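In: Show me how the following folds:
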Amino acid sequence: MVRTYKRKTDEPTYSEEDLKNAVKLIEVEKWSDRKAGAHFKITLGTLSSHVLKVLNANIGHPTALACEEIRYLVDLTVTLQDWGQLNTYNDVLKYAQEYIEIMNLQSRFAGFTYCFDETKSFGKTSNHFQYGESGFCEEASRRVVVIKSGTKYANQIQSSCGKGFTTVFLTISANGVCLPPYIIYKSLRLDSQWCPKNLIKGTVYNGSTKPLSAIEAIVAKYLTPKQSTTSKPVKRLIKRPYCVSVTDLDVLGENIMKQRKKQVKKANVVDNDKISKTSSKKTKTLTKKQA
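Out: Here you go, the predicted structure:
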């Protein structure tokens, strides 16, 4: 059975139009507050707050940061979330502390470090001793993050390879000279696709082609080309304590070792053939002498 909501307080005895008419009559000074309140059945406190226009006034103790400064920190957190970087409570507090230090606003806080330590739990002061029970502690299986309202799922974006990122190369010398940055956008290879035109001579070509040319020279010198029956190359997995990887150098070294083993095996076979031939000749000469 569906439950029906019942209002706990009485419904208002006036409408929005009645409230507007009462405020107009009071502002024009035709009626007094008491007469307008008695006629439209509106309380005097409601009428006075609308006439004086103090509904949007700041209530309570003034905050240390202005609205624009707080909005800046909120926009920073939302922007990081849009980029896929989720922030915990401690991260937000660190951003706020860095912002206050950069803007030189330490004088607004009494006991600057102590204030931030007290607000780490984002809860009441009475719950500081029950920090684990307040639901704001980080467990091994989950992490509490700060997200904007209306977000259904808190997703963190983390790509698996370099092509999923937008890479920026910066070159800065010790004396402070900074060259223009290079930007490699997503899903672009490290070749002429990302190299812009009309740049400084010697900075257009990618340096990652040098080790590849060295590998090709070694292959041409030590390995003979062979037609493979299978389309997929055979690669060796290198198991390490933190990952499993296969590189071109590892495959090249393995092929060189295989080629050397084959050469040693052929040399051993040739030596065995020579020994067998010499032994057979000796046996033939001995049989002739005996005859």
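
In: So this structure: which segments form each domain?
Out: Per automatic domain parsing, the structural domains of the chain span 16-52, 63-157, 162-206, 211-223+235-277.

In: Please report phi then psi for residue 88.
Out: When read as degrees, to the nearest 10, the backbone of residue 88 gives phi -80, psi 180.

In: That one and residue 143 touch, don't they?
Out: Yes - using CB atoms under 8 Å, residue 88 is in contact with residue 143, at 6.5 Å. (C-beta placed from N, C-alpha, C; glycine too.)

In: Tell me which of those two has more neighbours.
Out: The residue with more neighbours, out of residue 88 and residue 143, is residue 88; 14 against 11, by other CB atoms under 10 Å.

In: Identify the residues contacting that one.
Out: The contact partners of residue 88, by CB atoms under 8 Å, 6 or more residues apart in numbering, come to 138, 143-146.

In: Relative to residue 93, which of these is nearest.
Out: residue 146 (10.0 Å; CB to CB).

In: which residues of the stretch 151-291 of the chain score low on pLDDT?
Out: 157-165, 184-219, 221-254, 270-291 (pLDDT under 70).

In: switch to 50 and redo it
Out: Flagging of the stretch 151-291 of the chain using pLDDT under 50 yields the residue ranges 192-194, 202-209, 211, 229-234, 236, 244.

In: Give me the secondary structure label for residue 5.
Out: Going by DSSP: H, G, I helix; E, B strand; the rest coil, the secondary structure assigned to residue 5 is coil.

In: and what of residue 168?
Out: Of the three states, residue 168 takes strand under three-state DSSP.

In: if we can go back for a sec, from the contacts of residue 88, which one has the minimum pLDDT?
Out: Minimum pLDDT across the contacts of residue 88 is recorded for residue 138, with 49.

In: Can you flag the buried ones in the contacts of residue 88?
Out: 145-146 (16 or more other CB atoms under 10 Å).

In: Out of the contacts of residue 88, flag the one nearest to residue 154.
Out: Comparing the contacts of residue 88 against residue 154 with CB to CB places residue 145 closest, at 5.5 Å.

In: my guess is that closest one meets residue 87, correct?
Out: Yes - using CB under 8 Å, residue 145 makes contact with residue 87 at a distance of 6.2 Å.
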